[in-house]
Structures are given as C-alpha cells and as structure tokens.
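Trainee: Sequence plus the predicted model coming up.
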Amino acid sequence: MTSVAIFIPSYNAAKTLPSVVERIPEELWPAIAAVFVINDGSQDDTDSVVESLAERFPKLRLVSRQPNRGYGAAVREGLRRCVEETDAETVTCLHADGQYPPESIAAFVAHMAANGVDVLQGSRHKAGTALEGGMPKYKWLAGKVLTWLENKTFGLQMTDYHSGFMLYSRRAATQIPFEELSHYFDFDLEVIASARSRGLVVDELGIPTRYADEESHLNPIWYGLRCLRVMLRYRLGRYRPALAPSS
C-alpha cells in the first residue's frame, strides 16, 4: 500500500484525541510513516495525553506550539512535518475532535493512487446523510449556497468544500505554497484554489457525518465572508504560480 503520513491539528483535544488515534485501523499502521499531533496552544492536558498514547502507538509524534496560532497555521505545520520528516507518498489531515473517519483513510489513499488525484476531500453531503448525522440546518443550507458558488468559480462538481478531512499527494504537498495561505479555517478552500490554479487534480469521496458535543471554534459568518474572498481572489488570478523571470 502507498505510504501515508498523518497529521492531527489539535486544540484542547485531551478528551477526544485518544479515540481518534485508537480508531486508526490496525492494518493501516504498517503503511504509516508517522502521525504528527500538532498541539496548537492547548490549555488542557493534550501534551500529556499524546505522550501517554505514544507508549502504545510509537509512530505518534508530538509537536507542541505556543501560543495558539490558528487552524491554518497548525495545518501548515503538519504538512511541513510530513513532507520534510517522512518520505510518505500521501499526507492526511485528520481532526482531533473525531468528526472525520480514520477508518476511511485506506480507501481514500487507494482512490488517489488509482485515479491520479492530488487533493482528495471527504464530503459529508455526497451520500445525503449530513442532516441525519447531526449537521445543524443553518450550516447545511449555508454550505449548499456556498458550494453552488464554489462549483461555478472553480469549475468542479463537488458537493462539499468545507470538510477538513483532506488528503494530499506528495506532488500537491510540495507544489502548493502553503506558507502563503490563511491562518483561519478558509485554509482548506485556499488549498483547492491553489490546486486548481496549478492544474492539480481535485476530487471528493463521501464520508459519514458526525456532529457530537465537540466545541467549534469557527465563526460561521466570518468564515462565509472569507470563503467569498477566496473565490474573488481566485477569479482575479491571485492563486496562480508566479511566472519565472525571463532570461
């Protein structure tokens, strides 16, 4: 199987992180190069929880950062670690709150390898189970409106641009200028904008929807406005690679 590096952006995740790591299928571990937990300024016992988990899961690596710098910054750190410290062919972003399925990683990696996909996003809408899985109706409706606009903007036929379950080919992880992208939750949408601007292949697969009692740090109005800004910037060509200087 294709080798995989995983990173888990984490903020005050001491209660939920153990079950996320434990849900990674046993048969996937031989293909895993490393699992980086990016502790982004947590105020709870996330560090000690990771250290305890590492006794059972030796491929777990703690990256502790202070102060909190935001979701996008934590994802950038995770991507950098996966690229620079492993030779993995695929990089997976897995959230610490348990909302996204570690059980799906192997199927997603196989789909990428079989279809030449560079950025693969998990869709909570593709199977039509978002509301049944507990997604608030206002998020469901707002997501539908934004997705319609995003498909028009990026020329894709996606059902969900706002899931954080993202897998990257090594090509995408080395070509997309992550350090130039947002510190906020619109980081993932900027990834898609950057990938489309570089001719990289973007796709989605369905995942189960799971909303429980996890705490959200996302302001939906601010997030929606930032998504609109990403679309405008894409239309203006802001995500295109810089042209090499002529000789």
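Mentor: Perfect, I can see it now. Residues are numbered from 1 along each chain as shown.

Trainee: my guess is residue 203 meets residue 117, correct?
Mentor: Yes: when contacts are counted by Cβ atoms under 8 Å, residue 203 is listed as touching residue 117 (4.6 Å). For glycine as for every other residue, the C-beta is placed from the backbone atoms N, C-alpha and C.

Trainee: Give the residues shared as contacts by those two.
Mentor: The contact sets of residue 203 and residue 117 overlap at residue 111 (Cβ atoms under 8 Å, 6 or more residues apart in numbering).

Trainee: More neighbours: which of the two?
Mentor: Taking neighbours as other Cβ atoms under 10 Å, residue 203 and residue 117 compare with residue 117 leading, 23 against 19.

Trainee: residues contacting residue 183?
Mentor: Neighbouring residues of residue 183 by Cβ under 8 Å, 6+ apart: 69, 70, 71, 72, 73.

Trainee: which one is residue 160 nearest to, not counting chain neighbours?
Mentor: residue 123 (3.8 Å; Cβ to Cβ, 6 or more residues apart in numbering).

Trainee: so what's the one you found bridging to?
Mentor: Bridge pairing for residue 123 (DSSP bridges) gives the partners residue 206.

Trainee: Just confirm it contacts residue 163, I think it does.
Mentor: Yes: the pair residue 123 and residue 163 qualifies as a contact (Cβ under 8 Å) at a distance of 6.2 Å.

Trainee: any residues in contact with both of those two?
Mentor: Both residue 123 and residue 163 are contacted by residue 207, under the criterion Cβ under 8 Å, 6+ apart.

Trainee: if we can go back for a sec, mark which of the contacts of residue 183 are buried, thanks.
Mentor: Buried by 16 or more other Cβ atoms under 10 Å: 70, 71, 72, 73, out of those.

Trainee: any idea how far the residue nearest to residue 160 is from residue 113?
Mentor: 19 Å (Cβ to Cβ, to the nearest Å).

Trainee: Could you pull up the residues touching the nearest residue to residue 223 once chain neighbours are set aside?
Mentor: Nearest non-adjacent residue to residue 223, counting by Cβ to Cβ, 6+ apart: residue 185, 5.5 Å away. With contact taken as Cβ under 8 Å, 6+ apart, residue 185 is in contact with 71, 72, 164, 218, 223, 226.

Trainee: Now do the buried residues in whichever helix in the chain runs longest.
Mentor: Criterion DSSP state H: the longest helix present in the chain is helix 137-154. Using 16+ other Cβ under 10 Å as the test for burial, helix 137-154 gives 139, 142, 143, 146, 147, 150, 153, 154.

Trainee: List just the nearest of the residues you listed to residue 3.
Mentor: residue 154 (29.2 Å; Cβ to Cβ).

Trainee: nearest residue to the closest one other than its sequence neighbours?
Mentor: Closest residue to residue 154 apart from its sequence neighbours, by Cβ to Cβ, 6+ apart: residue 196 at 5.1 Å.
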